[in-house]
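Engineer: When you get a sec, could you give me coordinates for this:
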Amino acid sequence: MYENRSFSDKTWLVLKGLGMGAANKVPGVSGGVVAFVAGFYEEFIYSLQKVNRKAFKLLINGRFKSFYRYTNGQFLSLLILGMVISYFSVSKLLDYLIEHYELFVWSAFFGMIIGSIYFIAKDFGDWNRKYVGYLLCGVAAGIAISFLEPAKENSNLLFVFFCGIISVSGMTLPGLSGSFILMLLGNYVLLLVDSVNSLFDTFADVFQGDFSWVYDAERIELLKVLAVFSLGSLVGLVSLSHLLAYVLKRFKKATYAVIIGFIAGSLGVVWPWKEKKYELDALGQIQFDANGREIIRGYSRFFPSELNSETILAIVFILIGIGIVLSLDWYDNHKKKQRV
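Structural biologist: Residues are numbered from 1 along each chain as shown. I've put the predicted structure just below:
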């Protein structure tokens, strides 16, 4: 574990947290892939594993410095800082870009995931029949999840807590998009849009000295939902990391084979050319939620029928996405050479 990092390394770690947080917000994109490609996935998992009984004993006994060192606190705090900043900045920008330039955003992410598959697979080593089998299992699981139909929104706090546990899967399991799973569970808008926006609005009101929101039942309910969701996410993050650390120690190549397959199988989720399928009533009219938004039931995917300027630009963005990941690979190799 690293403790003494240069200012440059600390800045990069916050930026990696920004990337991870932004990726977790987009349905179909996994923050775990960002961790994998950026080269800190294993440190992330093993650091989270240190949040255990011993860590809590140190904390309860007031040994804060020992707790900080034991849990690789500098690494985790900088990474989480980046994620928090992302939810109130980069993710807002992503929401805007997806709304206005959806095809090109999905194209860039599609390219980045293709690049990620290459990045993870290039150092895998020899493939035998067993690892190919694990790879195909991962592909099958990724494809199966990408074609599931979303459920309806559910604000029951016990279910919200469960959603929190599931949502962090994208951070710990590369290729499995936590936000896409939330969409399948029907709670993506409630947990990653409405509740986050309510917290943002609350901070803005408090900053302006306006406390009238305490009488707003809807705001209070959304803040309560966000608190329970955050608690579930914390529980999921720690518990999943313990399981993954165990698996990585004993079955590292097999785990990587499944991850590569899963990422490849989930490419369909971020396929750029797709149309929304909406919830319809008995008369075939589009249904809207309580906030006036169209209820999406999934996507129908297609191949572009002609090579027009929009299609060409989308292909360019796919290549840009691949280039971003390959440039990270180049940067990583360059830093390794400098250390030598």
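Engineer: what about this structure, any weak spots by pLDDT?
Structural biologist: Within the chain, the stretches with pLDDT under 70 are 1-5, 7, 27-29, 90-92, 149-150, 170, 174-176, 289-298, 328-329, 331-340.
Engineer: now the strands: where do they sit in it?
Structural biologist: Applying DSSP state E to the chain gives strands spanning 274-278, 296-301.
Engineer: Please identify the deepest-packed of those.
Structural biologist: strand 296-301 (a mean of 15; mean count of other Cβ atoms under 10 Å). Yep, even glycine has a C-beta here, placed from its N, CA and C like the rest.
Engineer: quick one: Ala108 and Met83, what's the gap?
Structural biologist: The gap separating Ala108 from Met83 is 20 Å, by Cβ to Cβ, to the nearest Å.
Engineer: Also Trp127?
Structural biologist: Trp127 is 34 Å from Met83, by Cβ to Cβ.
Engineer: So which of those two has more stuff around it?
Structural biologist: Met83 (23 against 13; other Cβ atoms under 10 Å).
Engineer: what sits against the more buried one?
Structural biologist: Counting by Cβ atoms under 8 Å, 6 or more residues apart in numbering, Met83 makes contact with 17-18, 20-21, 24.
Engineer: Report the separation between it and Ala55.
Structural biologist: From Met83 to Ala55 the distance is 20 Å (Cβ to Cβ).
Engineer: Surely Val168 touches Phe229?
Structural biologist: No. With contact defined as Cβ atoms under 8 Å, Val168 does not reach Phe229; the gap is 10.4 Å.
Engineer: and the longest helix along the chain, what other elements does it pack with?
Structural biologist: Identified as the longest helix of the chain according to DSSP state H is helix 217-250. Secondary-structure packing of helix 217-250 (3 or more Cβ pairs under 8 Å, 6 or more residues apart in numbering; DSSP states H and E): helix 41-49, helix 157-167, helix 169-172, helix 195-207, helix 252-265.
Engineer: In CSV, list those helices along with mean neighbour count.
Structural biologist: Shown next, in CSV, are the helices and strands packed on helix 217-250 (neighbours: other Cβ atoms under 10 Å):
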stretch, mean neighbour count
helix 41-49, 20
helix 157-167, 20
helix 169-172, 26
helix 195-207, 15
helix 252-265, 22
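Engineer: Now do Phe88: how many residues are near it, please.
Structural biologist: Per other Cβ under 10 Å, the neighbour tally for Phe88 reads 14.
Engineer: How about the contacts made by it?
Structural biologist: Contacts here follow Cβ under 8 Å, 6+ apart; on that basis Phe88 touches 196, 200.
Engineer: Distance check, it against Ala22.
Structural biologist: The gap separating Phe88 from Ala22 is 11 Å, by Cβ to Cβ.
Engineer: Look up how far Gly19 lies from the nearest residue to Phe44 once chain neighbours are set aside.
Structural biologist: Distance criterion Cβ to Cβ, 6 or more residues apart in numbering; nearest residue to Phe44, sequence neighbours excluded, is Ala35 at 5.2 Å. Applying Cβ to Cβ, the value for Ala35 to Gly19 is 9 Å.
Engineer: Going by neighbour count, which residues of stretch 120-140 are buried?
Structural biologist: 120-121, 131, 134-135, 137-139 (16 or more other Cβ atoms under 10 Å).
Engineer: any idea which of the residues you listed is the one closest to Asn156?
Structural biologist: Using Cβ to Cβ, Gly138 comes nearest to Asn156 of these, at 32.0 Å.
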